[in-house]
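Asker: return atomic coordinates for the entry below.
(chains A and B)
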Number of protein chains: 2
Amino acid sequence: MPTWRIDLSYDGTGYRGYASQVGLRTVQGELESALETILGTGVVTSVAGRTDAGVHARHQVVSFQHPDVDPVPLARSLNGILGPEMSFMAISETQEDFSARFSATWRRYRYLIDRGPAPDPSRRHEAWFPGRVVDLRLMREVAADLVGEHDFSSFCRHVEGKSNVRRLTSAEWVENGDFLEFWVEANAFCHQMVRSLVGHTYDIGRGFTEPGSTAAVIAARDRSQVATVAPAHGLTLWEVGY
Amino acid sequence: MPTWRIDLSYDGTGYRGYASQVGLRTVQGELESALETILGTGVVTSVAGRTDAGVHARHQVVSFQHPDVDPVPLARSLNGILGPEMSFMAISETQEDFSARFSATWRRYRYLIDRGPAPDPSRRHEAWFPGRVVDLRLMREVAADLVGEHDFSSFCRHVEGKSNVRRLTSAEWVENGDFLEFWVEANAFCHQMVRSLVGHTYDIGRGFTEPGSTAAVIAARDRSQVATVAPAHGLTLWEVGY
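Answerer: Have a look, this model is predicted:
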């Protein structure tokens, strides 16, 4: 059966996350319902990054199998039904064994902090405004300490029987005017991991958590070591690699 | 009486424009009501740019007179009451004869066009997605033809007894990834002028209006010469000079 790849983006503000939940408006729920309306049959989708409620995607990837899809009109119909909150950049046929989730080899996220004098109204749905002065030099040290293959259990929601070992290939803080951008890439991320990494980093940057403690926090594999989970709306799934 | 200058920004999406209108939620209405609540007395404000419904301001300036203002707590209170849709960057005492409107010597606006494959969800409230291919070279010729002191009556809502002569000091189109940015600066703008300039330029860019016709359209001083007024939500008041 032919496999189809959908490249899409969305503003997560109005959705209760990616994953379907009965009675709630989710990205997956809206997308599968629109696909069923257009194609006339239900489809099972796979996704590269299951974003939480309020998290955005600049470039998400979804795949599904279907015998007969005309990709250009399908993209136009999906944009018509689901746009402009969701946007469909491309739909294409791909290798039959492709899975948006399992074929992905890396994911990159951006976390945005607004450090201006007051929150920027035009970025209020995509940037966190913590309202404190932070020490960027200390935050950059944390980023360097995070890179590598680690058990990230201190930064993840515990799921029985699942490993939290991930290979974090890059993490850096970039200054961009009134904004601080945290760019992070890994083979995969466990649940709430980026927001916990940002929370821990911010706690060090604001002088709440001891500088230089990152290696010990990782080694503890204990969720209670991280006091702050940065809010969801600052997070954007930026890109997925295959 | 001391004169105070407020530097603010706002997301225009949820307001019916800047100017007060009975029964409608406007920037001026919300701001003056909050000032009255905090200061205990009504104030009369002056504004640099009376933005239309849906138009945003990255940097707007408002002034008012009041005998007794403590600027830092006032900014904090305004941010508390009106943020994060509005954001107050600074409040400061200024020369007594300062008027946000009449002292301004130039205004700069940005108009944003999304020319990506589908509308970018994260920019849908601040970028116009016209969905057609445009000829940027022709649009740049229009920009060059607009610069100078002209009677812009072909681009403005007619107001009896008011001159539409303005000095347009710069106009340019900048490519920025999937976006086209129109940057325009003038001593002042008449009503709907930037959106009409963009509409005329876009009509030439898409092959609807004859290239090279801009000088004749200006000379006609006739509103019916411009078929398209670009939508309000793509427009942002960027900066005001004094």
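
Asker: average pLDDT across stretch A:49-63?
Answerer: What stretch A:49-63 shows for mean pLDDT is 97.

Asker: export it as PDB, just CAs?
Answerer: Extracted C-alpha coordinates of stretch A:49-63, given in PDB (Å, rounded to 0.1, in the frame of the first residue of the first chain):
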ATOM      1  CA  GLY A  49       6.800  14.800  17.400                       C
ATOM      2  CA  ARG A  50       3.800  14.500  19.700                       C
ATOM      3  CA  THR A  51       3.700  18.100  20.800                       C
ATOM      4  CA  ASP A  52       2.000  19.000  24.100                       C
ATOM      5  CA  ALA A  53      -0.900  21.400  24.500                       C
ATOM      6  CA  GLY A  54       0.200  24.900  23.500                       C
ATOM      7  CA  VAL A  55       3.400  23.700  21.700                       C
ATOM      8  CA  HIS A  56       3.700  24.800  18.100                       C
ATOM      9  CA  ALA A  57       5.200  23.200  15.100                       C
ATOM     10  CA  ARG A  58       7.000  25.100  12.300                       C
ATOM     11  CA  HIS A  59       7.700  21.800  10.500                       C
ATOM     12  CA  GLN A  60       6.000  18.600  11.600                       C
ATOM     13  CA  VAL A  61       5.900  15.400   9.600                       C
ATOM     14  CA  VAL A  62       2.900  12.900   9.500                       C
ATOM     15  CA  SER A  63       2.600   9.700   7.500                       C
END
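
Asker: around chain B, which positions in chain A sit nearby?
Answerer: Those residues of chain A that sit near chain B, judged by C-beta under 8 Å from any C-beta of the partner chain, are A:9-11, A:56, A:58, A:75, A:79, A:83-90, A:116-122, A:124-126, A:129, A:236. Every C-beta, even on glycine, is put in place using the N, C-alpha and C of the backbone.

Asker: filter those to the buried ones?
Answerer: Among the residues of chain A next to chain B, those buried by neighbour count (16 or more other C-beta atoms under 10 Å in any protein chain shown) are A:9-11, A:56, A:58, A:75, A:79, A:83-89, A:118-122, A:124-126, A:129, A:236.

Asker: among those residues, which are located in helices?
Answerer: A:75, A:79 (DSSP state H).

Asker: does A:Arg206 touch A:Val133 like I think?
Answerer: Yes. With contact defined as C-beta atoms under 8 Å, A:Arg206 counts as touching A:Val133 (7.5 Å).

Asker: compare the two (neighbour count), which wins?
Answerer: Comparing A:Arg206 with A:Val133 by other C-beta atoms under 10 Å in any protein chain shown, the one with more neighbours is A:Arg206, at 16 against 10.

Asker: what sits against that one?
Answerer: A:130, A:132-135 (C-beta atoms under 8 Å, 6 or more residues apart in numbering or on different chains).

Asker: quick one: strands adjacent to the lengthiest strand in chain A?
Answerer: Taking DSSP state E as the criterion, chain A has its longest strand at strand A:165-176. Paired neighbours of strand A:165-176 in the sheet (DSSP bridges): strand A:148-151 (antiparallel), strand A:179-186 (antiparallel).
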